[in-house]
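I would like the atomic coordinates for the input below:
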Amino acid sequence: MTLQPGDLLAITRSTGPQAGTYQLPAAALAELLNPSPVLAISGVLWSTVRSVAENSWQAICWSPELQLYACVASSGTGNRVMTSSDGIRWSPQLSAADLNWVALCWAAELGLFVAVSDSGTGQRVMTSPDGRSWTLRQTPAINNWTSICWAPELGLLVAVASSGTGNRVMTSSDGLTWIAGPAAADQEWRSICWAPQLGIFVAVSSTGGNQRVMTSADGRSWSLRSAASTNNWMALCWAAELGLLVALSSSGTGNRVMTSPDGSNWTSRTSAADNTWTSLCWSPQREVLVAVASSGSSRIMTSADGITWTVRSTPASISWRSICWSPQRSQFAAVSNSGTGNRVMVSP
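Next up is the predicted model:
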């Protein structure tokens, strides 16, 4: 039987104060259950969803203020952005230019989505207040920008690059005007995050001897740190409730995870599989870390503590590139740069 909004549900309280039978409209029950109740299957059970185009989707993020997912791609003609309010039904959006958009973040205090590219001439940033209308912004260096994050406590956007000489970091206080600065070393910086409780930015690299981590308190002055191993570190996030930074690698044998409580001291962890791990995120509501990979038979792994990881079945063995968490929808969503009719997956 399918409940209709006008149906009445009988609720009986047998004893105690206000004992009796009461009627509750089905519509009111639905309202009480929004947001959805916590389910133990988050990050474990996944379903694929059709994207608006078979583009090479590279990054996804969620805006709580807009109640909107946005994705960017490195391929496609005039449609390298897509948006969705529920992770299921997606709408194509016109990108500011057909560049290789590879990273994306939401700066709530600015009211802006900000994306960076590893291609283009002089304008490798685009911004949008709504995920639909995008504007190109001038970049101070024509580098391969790979990752971007927002630090609300500092009012600062910081992006890192895998190319450039003495200018592999750029910063902006408004998303419109950017300033280039030196990284701790000219290495292939792949991912950056802000850890507010530590008051530092942390970035990881896929090259650079053993010093494949750098940290900064202001986004401008950076210090090299020793990684747990000389793996190709590709992804990074801060799990505030664990008090832990967690990084993932695309190389290594049984050690494609490393963790740190402070950004300076890192410890190798046993990865659930030697896959090409590309992205991860932390859900404080579910108390779980979820990682996705672009290779392997099972391309998802989860952890409650960042230390012990478990492989999960993937609904499609395609190249998963990015994952994010929506607390308002109680939902993980991930995107892929390959596949046919299945380049998005959601959980639960």
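
low-confidence ranges in the stretch 201-348 of the chain?
Across the stretch 201-348 of the chain, not a single residue meets the criterion (pLDDT under 70).

Hmm, I typed the wrong one, I wanted the stretch 1-150 of the chain.
1-41.

can you give me the strands in it?
8-13, 20-25, 47-49, 57-63, 68-73, 81-84, 91-93, 101-107, 112-117, 125-128, 135-137, 145-151 (DSSP state E, counting those that start in this stretch).

Reformat those as JSON lines; add mean neighbour count and distance to Ser294.
Any C-beta I mention is one placed from the backbone N, CA and C, and that applies to glycine too. What follows is the strands of the stretch 1-150 of the chain, written out as JSON lines (neighbours: other Cβ atoms under 10 Å; distance: least, Cβ to Cβ, whole Å):
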{"stretch": "strand 8-13", "mean neighbour count": "10", "distance to Ser294": "46"}
{"stretch": "strand 20-25", "mean neighbour count": "11", "distance to Ser294": "47"}
{"stretch": "strand 47-49", "mean neighbour count": "18", "distance to Ser294": "16"}
{"stretch": "strand 57-63", "mean neighbour count": "25", "distance to Ser294": "11"}
{"stretch": "strand 68-73", "mean neighbour count": "27", "distance to Ser294": "15"}
{"stretch": "strand 81-84", "mean neighbour count": "24", "distance to Ser294": "20"}
{"stretch": "strand 91-93", "mean neighbour count": "17", "distance to Ser294": "24"}
{"stretch": "strand 101-107", "mean neighbour count": "25", "distance to Ser294": "13"}
{"stretch": "strand 112-117", "mean neighbour count": "27", "distance to Ser294": "20"}
{"stretch": "strand 125-128", "mean neighbour count": "24", "distance to Ser294": "24"}
{"stretch": "strand 135-137", "mean neighbour count": "17", "distance to Ser294": "28"}
{"stretch": "strand 145-151", "mean neighbour count": "24", "distance to Ser294": "15"}
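
Ok, which of the ones you listed comes nearest Val204?
Closest approach to Val204 among the strands of the stretch 1-150 of the chain is made by strand 145-151 (9.1 Å; Cβ to Cβ).

any idea which helix or strand comes after that closest one?
strand 156-161 (DSSP states H and E).

So for that following strand, mean pLDDT?
Here strand 156-161 scores 99 as its mean pLDDT.

Any chance of the strands of the stretch 1-150 of the chain in CSV with distance to Ala316 as columns?
Shown next, in CSV, are the strands of the stretch 1-150 of the chain (distance: least, Cβ to Cβ, whole Å):
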stretch, distance to Ala316
strand 8-13, 38
strand 20-25, 40
strand 47-49, 5
strand 57-63, 13
strand 68-73, 16
strand 81-84, 18
strand 91-93, 21
strand 101-107, 21
strand 112-117, 25
strand 125-128, 29
strand 135-137, 33
strand 145-151, 25
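
Those: which one's closest to Ser326?
Nearest of these (Cβ to Cβ): strand 57-63, 4.4 Å.

Now do the closest one: distance to the chain's middle.
6 Å (Cα atoms, centre = their mean, to the nearest Å).

In its sheet, which strands sit next to it, and in what direction?
Here strand 57-63 has these sheet partners by DSSP bridges: strand 68-73 (antiparallel).

For the strand it pairs with, output the C-alpha coordinates as CSV.
Output in CSV follows, covering the C-alpha atoms of strand 68-73 (Å, rounded to 0.1, in the frame of the first residue of the first chain):
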residue,chain,number,x,y,z
LEU,A,68,22.5,22.4,-4.3
TYR,A,69,25.1,20.0,-5.7
ALA,A,70,27.4,21.3,-8.4
CYS,A,71,29.8,19.3,-10.6
VAL,A,72,32.5,20.4,-13.1
ALA,A,73,34.0,18.5,-16.0
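
Show me the contact partners of that strand.
51, 53, 55-63, 79-85, 87, 90, 95, 101-104, 106, 113, 115, 128, 130-131, 322, 324, 326, 333, 335, 337, 344 (Cβ atoms under 8 Å, 6 or more residues apart in numbering).

Off-centre distance for it?
11 Å.

between that strand and strand 101-107, how big is the angle?
Relative orientation of strand 68-73 versus strand 101-107 (axes from the mean of the first three to the mean of the last three Cα atoms, to 10 degrees): 160 degrees.

Name the nearest residue to Arg225, sequence neighbours excluded.
Val213 (4.0 Å; Cβ to Cβ, 6 or more residues apart in numbering).

you'd agree that neighbour is up against Ala227?
Yes. Using Cβ atoms under 8 Å, Val213 is in contact with Ala227, at 5.2 Å.

Need the overlap of contacts for these two.
Val204, Trp233, Ala247, Trp266.
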